[in-house]
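**Q** fold the following.
(one chain, ligands or ions: 1)
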Amino acid sequence: MEVIEKQTENSLQEKLISLVDKISIASVQDKKNLIKKNDFLLLLQNKDLIFDYTRNKANQIRQENFSNKIYIRALIEISNYCKNACFYCGINCKNQNIQRYRLSTEQIMECCKTAYELGFRTFVLQGGEDIFFTDEIICKLIKSIKEKYPDCAITLSLGEKSKESYALYKQAGADRYLLREETANSEHYQKLHPKNMNHKNRLECLRSLKNLGFQTGAGFMVGSPFQTLDDIAQDLCFIQSLKPEMVGIGPFIPHEQTEFAKFPSGDLNLTLFILSLIRIMFPKVLLPATTALSSINPEGRILGILSGANVVMPNVSPMEQRKNYALYNNKASVNEESAEGLILLQKQLDKINCKIDFSRGDYQQ
Ligand code: SF4
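**A** Residues are numbered from 1 along each chain as shown. Presented below is the predicted three-dimensional model:
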């Protein structure tokens, strides 16, 4: 009996390995060979059988494409005001228990200066959907940064805007835009967001960003409330067809002042496995080892890199504001997760024979 079970397991494992091998940019370019949702689902359901194989392959692809370089981005959290009430987010507008802040242009420029002197050549301006930051203010800010630091890239992560607004940011000089779809399943989306937020619009924003020529970042949380493996398979199909230049994948972590406070965090191994699938799918993609990954496991970032990630985003926001930008609890923002910790970060990377790359680190075709 045991022998038969072992044989069945072996033949399933062989099938899974050939599926993993099929997930490559070549198959993505050929529409006929796109990986089907059921195949992604099969991989997710049986990840333990091919966990090591998949991660090793992803790590090897990362090395082939980026050698031992890990790109760094300076994360500047410009505002924790937000007009939205996403159920999972600690800075959602319903949360009365946090101290709100908004950085001034001078403070943001000061963060850029600090980051530039430390060697960063990408600034990531991230914030809630804060109505104070009109298109005019954002464009002025982008232009000031570009004028002062023409050799740097600007990534924006400021939420859903109109196509016209995105076009203005592009004209002003922004290079990249991060907007996670959070889930490709509209029913799941409605369980994570209030009724006034529209899933169709979110996906439309991502397509607009791609059409405008932004290096576009999509992605989702692993283990968000009510998420099923089927939802994740759908997300992987969505990402496969969108072909983003960046993908942000991190575990869900609950925030105690949200209605999802009692839900468990996302699973570390499932997150690592999905990172690996993304790397295999898109060998050149810019794939961060996210702060959330470091927040659920002290080795999270290194494990992320060994699963195919090639970007780290240390925090350069003013120290006194970092605790207020808590999208979830126990967020890592000091030591290796902070700009001041670059030496610590390098020491950590030394252990896996990687090194910080101080270039802009644009997406290369
Ligand atoms: S996830 Fe983004 S849009 Fe939603 S409440 Fe938080 S900051 Fe606002």
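**Q** spatially central residue (nearest the centroid) of the chain, please.
**A** For the chain, G248 is the residue whose C-alpha lies nearest the centre (CA atoms, centre = their mean; 1.6 Å).
**Q** ok, that residue - contacts?
**A** Listed by CB atoms under 8 Å, 6 or more residues apart in numbering, the contact set of G248 reads L178, R180, G217, A218, G219, P288, T290. Glycine gets a C-beta too; all of them are placed from N, C-alpha and C.
**Q** again, but for I76
**A** Contacts of I76 (CB under 8 Å, 6+ apart): L103, I108, C111, C112, A115, F123, V124, L125, Q126, V316, S317.
**Q** run through who's touching the host helix or strand of T155.
**A** Following DSSP states H and E, one finds T155 within strand 153-157. The contact list for strand 153-157 (CB under 8 Å, 6+ apart) reads 73, 121-127, 138, 142, 145-146, 169, 173-179, 215, 217, 360-362.
**Q** buried subset of the residues you listed?
**A** Among those, the ones that count as buried by 16 or more other CB atoms under 10 Å are 73, 121-127, 138, 142, 145-146, 169, 173-179, 215, 217, 361.
**Q** returning to what we had before: sheet partners, orientation included, of the strand holding T155?
**A** strand 122-127 (parallel), strand 176-178 (parallel) (DSSP bridges).
**Q** next secondary structure after the longest one?
**A** Per DSSP H and E, strand 122-127 leads on to helix 135-148 as the next helix or strand towards the C-terminus.
**Q** on that earlier part again, and which of the contacts of G248 is nearest I253?
**A** T290 (10.4 Å; CB to CB).
**Q** for stretch 295-305, measure first residue to last.
**A** 15 Å (CA to CA, to the nearest Å).
**Q** kindly provide the whole-number mean pLDDT of that stretch.
**A** Averaging pLDDT along stretch 295-305 gives 94.
**Q** who's in contact with it?
**A** Contacts of stretch 295-305 (CB under 8 Å, 6+ apart): 59, 62, 70, 251, 253, 265-266, 268, 271-272, 275, 288-290, 293-294, 309, 312, 328, 330-332, 336, 348-349, 351-352, 354.
**Q** equivalent analysis for stretch 272-279, please.
**A** Against stretch 272-279 from outside (CB under 8 Å, 6+ apart): 20, 23, 40, 43-44, 47, 51, 54-55, 57-59, 61-62, 222, 232, 236, 239, 247, 249, 285, 287, 289, 303-304, 307-309.
**Q** just the ones of those in helices?
**A** 20, 40, 43-44, 47, 51, 54-55, 57-59, 61-62, 232, 236, 239, 303-304 (DSSP state H).
**Q** near the ligand, list only the ones from those residues.
**A** Residues of the ones in helices among the contacts of stretch 272-279 in contact with the ligand (CB under 6 Å from any ligand atom): none.
**Q** from the ligand, how far out is the residue nearest to Q364 when sequence neighbours are not counted?
**A** Among residues not flanking Q364 along the chain, K284 sits closest, at 5.8 Å (CB to CB, 6 or more residues apart in numbering). From K284 across to the ligand, the span is 27 Å (CB to the nearest ligand atom, to the nearest Å).
**Q** for this structure, which residues are neighbours of the ligand?
**A** C82, N84, C86, C89, I91, N92, G128, E129, G159.
**Q** hang on, the fourth one packs against T258?
**A** Yes - here C89 lies in contact with T258, judged by CB atoms under 8 Å, at a distance of 6.6 Å.
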